[in-house]
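take this sequence and fold it.
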Amino acid sequence: MKLKIQTVRANNPGVMTGSGTNTYFVGKHHQYIIDPGPLDDDHLNTLMKCAHNARGILLTHFHKDHADLASLLASKLNIPIIACTPGPFDRTDIHIDITLKDGMVFDIDDTHLMAIHTPGHAQSHYCFLAVEDKALFTGDHLMQGSTVVINPPDGNLKCYIESLEKLLKEDIQVLYPGHGTPIENAYLEINKILRHRLNREMKVLECLSKESLINIDDLTKLTYQDRNQSIYPIAKRTLLAHLLKLKSEGKVKEEDEKWRLS
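Numbering: from 1, shown residues only. Below is the predicted model of the structure:
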């Protein structure tokens, strides 16, 4: 590995964050910080100790557990915040100094970090590819040990699948997720997530084929009967993302807040 990578995990474990949010320090002599994480004094102090010759803060997206510390850390280190232009569902309290564009490249210690627009979990989501190391910093696009939540209207499953397919065209070996530990065999993991999403979509269509008209609560119970009921509130949001994708493809219809096959 040519590029020095240091991981600092925030102490914010939970259902949505797993073991906590990962902040990555990328580079030794010319360092970038990916996702400073939640607003937490202990985490901030640790980040300050790890920062050496920091050039900027890169945000994968604007969700609180990834971006809350951005403004304070940028002020303390006197470095720019680099992020996508906020979308209609994003916060606007973070001042962006440099606007991310798809394919933008940052030079780090004789290596290159490339920004890749990966909408799906959020429309403004980006991943960052350490080109020479074939290492992808995935934010919330892919995470270790779990699938990510796709929560409409900002979350869009059609975009998410297209973004996964986009990543398969890049030369990637290892994934550094926003939550969890590094994932080897990147293509295997990406294809596994693709299959999982498409298999769940087939399950949705199968359940709808047995019903003339069904509300989303009952459809959640049928579609996710293989999962613990405690995840149903989250699953319901992802199911809505599936239904909206299928609706855009003309495969399902919505009538009076109920769903059926077209």
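
in this structure, which residue sits furthest out from the middle?
residue 212 (35.1 Å; C-alpha atoms, centre = their mean).

state the distance from that residue to residue 201.
Per C-beta to C-beta, to the nearest Å, residue 212 is found 20 Å from residue 201. Just so you know, the C-beta spots here come from the backbone N, C-alpha and C atoms, and that holds for glycine as well.

just residue 59 next, same as before
30 Å.

was I right about residue 118 contacting residue 129?
No: Residue 118 lies out of contact with residue 129 (C-beta atoms under 8 Å); the separation is 10.4 Å.

need the single longest strand in this structure, by residues.
Longest strand in the chain, counting residues (DSSP state E): strand 111-117.

direction included, what does that strand pair up with?
strand 105-108 (antiparallel), strand 126-130 (antiparallel) (DSSP bridges).

hmm, who's touching the last one?
Around strand 126-130, the neighbours that count as contacts under C-beta atoms under 8 Å, 6 or more residues apart in numbering are 3, 5, 26, 34, 58-61, 83-84, 100, 108, 111-118, 135-139, 141, 167, 170, 172.

that strand - what's its average pLDDT?
Averaging pLDDT along strand 126-130 gives 98.

try the shortest one
Taken as a whole, strand 105-108 has a mean pLDDT of 95.

and residue 149, what does it touch?
The neighbours of residue 149, taking C-beta under 8 Å, 6+ apart as the test, are 16, 121, 155, 234, 237, 238.

can I assume it sits in a strand?
No: Residue 149 is assigned coil when assessed by DSSP: H, G, I helix; E, B strand; the rest coil, not a strand.

look at residue 59 and residue 201 and report which has more neighbours.
residue 59 (24 against 19; other C-beta atoms under 10 Å).

local confidence estimate at residue 18?
86.

sorry, that was for residue 87
91.

cool, and the one 10 residues further on?
Model confidence at residue 97, given as pLDDT, is 98.

next, give phi and psi for it.
Residue 97 adopts backbone torsions of phi -90, psi -40, taken as degrees, to the nearest 10.

could you find the closest non-adjacent residue to the residue farthest from the centre of the chain?
residue 260 (6.2 Å; C-beta to C-beta, 6 or more residues apart in numbering).

that's a helix at the one you found, yeah?
No: according to three-state DSSP, residue 260 belongs to no helix; its state is strand.

isn't it right up against residue 210?
No: using C-beta under 8 Å, residue 260 makes no contact with residue 210, being 10.9 Å away.

those two - which one has more neighbours?
residue 260 (14 against 9).

just the helices in the stretch 151-262 of the chain please.
157-167, 186-209, 216-223, 232-248 (DSSP state H, counting those that start in this stretch).

mind putting those helices in a markdown table, mean pLDDT and distance to residue 145 included?
Putting these into a markdown table (pLDDT from 0 to 100; distance: least, C-beta to C-beta, whole Å) gives the following:
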| stretch | mean pLDDT | distance to residue 145 |
| --- | --- | --- |
| helix 157-167 | 97 | 17 |
| helix 186-209 | 96 | 11 |
| helix 216-223 | 95 | 21 |
| helix 232-248 | 95 | 15 |
